[in-house]
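Trainee: Here is the input, now give the coordinates:
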Amino acid sequence: MKIVSHEHAERELAAAYRRPRVVAAGNHGTPLQLLKLTDRALESYRLFMLAAQAPLPCGPEVIYETAFVGPGMRDAGAQLDYLPMRLGLVPRLFRTMRAPDIVLLHTSPPAAGKVSLGIEVNILPAAIESVRRRGGLVIAQLNPRMPYTFGDGELDVETIDLAIESDEPLSSPSQAPGHAHAERIAEQVAQLVPDRATLQLGIGQVPDATLRALEARRSLRIWSEMISDGVVDLERAGALAREQPVVCSFMFGSEGLYEWVHRNPRVRMARTETTNDPAQIASRPRMVSINTALQLDLHDQAGASHVGDRVYSGLGGQPDFVEGALRSHGGQAIIAMRSWHDRSDSSTIVPRLETPVTSFQHSAVVTEQGCAHLFGRSQRAQARLLIENTAHPDAREWLSEQSAADGPLPDTPVPA
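Mentor: Residues are numbered from 1 along each chain as shown. As a prediction, this is how the structure comes out:
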C-alpha cells in the first residue's frame, strides 16, 4: 500500500482508465473524498454502490449501478441502472457479468500490517477479489474515525494499491421521532420471539422498537445483514448469549455504536455470501427474520422495492432471510409493518400487488392492528386473517369485497 496525496491519486486514475466500472463502499461507509477525486479524474464511468447516501459528489456523465437503491440514487432517473437481484448474489455478479475495474474503500488506518473495512464489509471482499484478478486498482481512504472491526473486513495492506488520508466523521442515519404504532407492532413481534432465538432485523422504527421490546429475553443470538444501536442495548441488558459473537455485514448507527464495535471481539463482520446464504441462515436454530414492506397483498406477497413504477430500494436480503428462516428448526419469517400509509392516505394491505414481489410465504404478518399467523393456511384463510387481524378498519370492507374473486372467505373463524 502506497499512501499518496489526493492529487497524486487523482492523476493515477486519470491516466489509467476510460469509462471504468467503479465499486465503492456504500451505506454509511462511503469514502466521500475518494468519490470526489474520482469524479474529477474521470470524464465518465459506471459507479456501483449499495444504499448510496445523499448527496453523491458525482456528475451527470456517471451511470449509477446498484442492486439496492439508496437516497443518493433514488432520483437519478435515466442515470440509474437498477439490477433486481438478491443481495447475496451480488458477489456472483462481480465474478461474471459486471467485474469492477476500480474499488474504492473506506478503512481504518493500518495497524500490524492490516486495515479494517469497519462498519461496511458487505459485498466489498468479493469486489476486491474480482478487481485483483483483473489487475485493476484498489484505493483506500484511511480514516482514524473508522472503527477497527474483526472478521472478513480485515485486509492485508498489500491488498491495497494506493491510499489517501482523510480525518472526517462517519455519517449516521437520521433518527425519526418515535411513533406509538411502531411500539405496538414491536410488542406483538416480541411475543413471537423466544429465548435463545437468533435474530435478523432490518432498518427502521419497527426493528429498533422490537429490539427494545426484547431486552427481557435471554441467550439471544444475532445473525443479520446489519445491526443498529439496539443491539448494544440488548448486550447491556444481558439479553445476548455471551458465548456467541454478534455476526453482521454492515451497520447503521450512531457514534456510540461505532465506539462499541471498535476492536470488540464480540462482533464479527462477515461478507455477504456468508450472512445472506440461506443454508447458513437455516442452520441457526430458532432463526427469526423480522422485515418490513411497503405493501402486502392478500396472497401474502410482500413488496418492499417499488413505489408505483419508481424503484425505491431493492430486494436486499429479505428473500434470503425469509427462505432461510422458514427452513430453520423452530424458525419464523415475520413481516412487521404499519397497516395504513399516512402520506398517501391508503391501506398498506392491498388485494393484489401491482409492484414486483420481494418475498412471500411468511410465518406471520404483524401490524399495529394485530397478528396474522399465515404459514400453512389456505389462500382464503390467509386473506381472512390478514383482513380481520392486520388491516386497518377503514380498509376491511373494501378488502373483503376485492377478495371475493378468489372465492368466499370462510364463515367460521380461522384458528390462530
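Trainee: Which positions in the helix or strand of the chain with the lowest mean pLDDT come out as buried?
Mentor: Comparing helices and strands within the chain by mean pLDDT, DSSP states H and E singles out helix 205-213 as the least confident, with a mean of 89. Neighbour-count burial for helix 205-213 flags Q205, V206, P207, D208, A209, T210, L211, R212, A213 (criterion: 16 or more other Cβ atoms under 10 Å). Using the backbone N, CA and C atoms, a C-beta is placed for each residue, glycine as well.
Trainee: Including distance to Q361, could the residues you listed go into CSV?
Mentor: Shown next, in CSV, are the buried residues of helix 205-213 (distance: Cβ to Cβ, whole Å):
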residue, distance to Q361
Q205, 25
V206, 21
P207, 21
D208, 26
A209, 25
T210, 21
L211, 25
R212, 29
A213, 25
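Trainee: Give me the residues contacting the least confident helix or strand of the chain.
Mentor: Applying Cβ atoms under 8 Å, 6 or more residues apart in numbering, the contact partners of helix 205-213 are 176, 178-179, 182-183, 185-187, 189-190, 201, 228-231, 233-234, 290, 292, 336-337.
Trainee: shouldn't N122 be in contact with M251?
Mentor: No: using Cβ atoms under 8 Å, N122 makes no contact with M251, being 10.2 Å away.
Trainee: give the contact list for the closest residue to P71 other than its chain neighbours.
Mentor: Once flanking residues are discounted, P71 sits nearest to A54: 4.4 Å by Cβ to Cβ, 6 or more residues apart in numbering. Going by Cβ under 8 Å, 6+ apart, A54 touches G70, P71, G72.
Trainee: any idea which element A54 lies in?
Mentor: Assigned by DSSP states H and E, A54 belongs to neither a helix nor a strand.
Trainee: how about it, phi and psi?
Mentor: Phi and psi for A54, reported as degrees, to the nearest 10, are phi -100, psi 150.
Trainee: so what's A186 up against?
Mentor: Contacts of A186 by Cβ under 8 Å, 6+ apart are V206, A209, T210, R212, A213, A336.
Trainee: what two of those residues have the greatest distance between them?
Mentor: Greatest spatial distance among the contacts of A186 (Cβ to Cβ): R212 and A336, at 13.6 Å.
Trainee: Between the buried residues of helix 205-213, which sits nearest F150?
Mentor: Nearest to F150 among the buried residues of helix 205-213, with distances taken as Cβ to Cβ, is L211, at 22.4 Å.
Trainee: From F252, how far off is the closest one?
Mentor: 12 Å (Cβ to Cβ, to the nearest Å).
Trainee: who touches both of the two?
Mentor: Joint contacts of L211 and F252 (Cβ under 8 Å, 6+ apart) are S228.
Trainee: one step back: of the contacts of helix 205-213, keep whichever come out buried.
Mentor: 182-183, 185-186, 189-190, 201, 228-231, 234, 290, 292, 336-337.
Trainee: Let me know the closest of those residues to E259.
Mentor: D229 (10.9 Å).
Trainee: Between N122 and M251, which is the more surrounded one?
Mentor: N122 (32 against 29; other Cβ atoms under 10 Å).
Trainee: how would you label that one: helix, strand or coil?
Mentor: Three-state call for N122 (DSSP: H, G, I helix; E, B strand; the rest coil): coil.
Trainee: Strands along the stretch 151-300 of the chain, start to end?
Mentor: 154-156, 162-165, 198-201, 221-222, 226-227, 246-248, 250-251, 267-269, 287-291, 295-297 (DSSP state E, counting those that start in this stretch).
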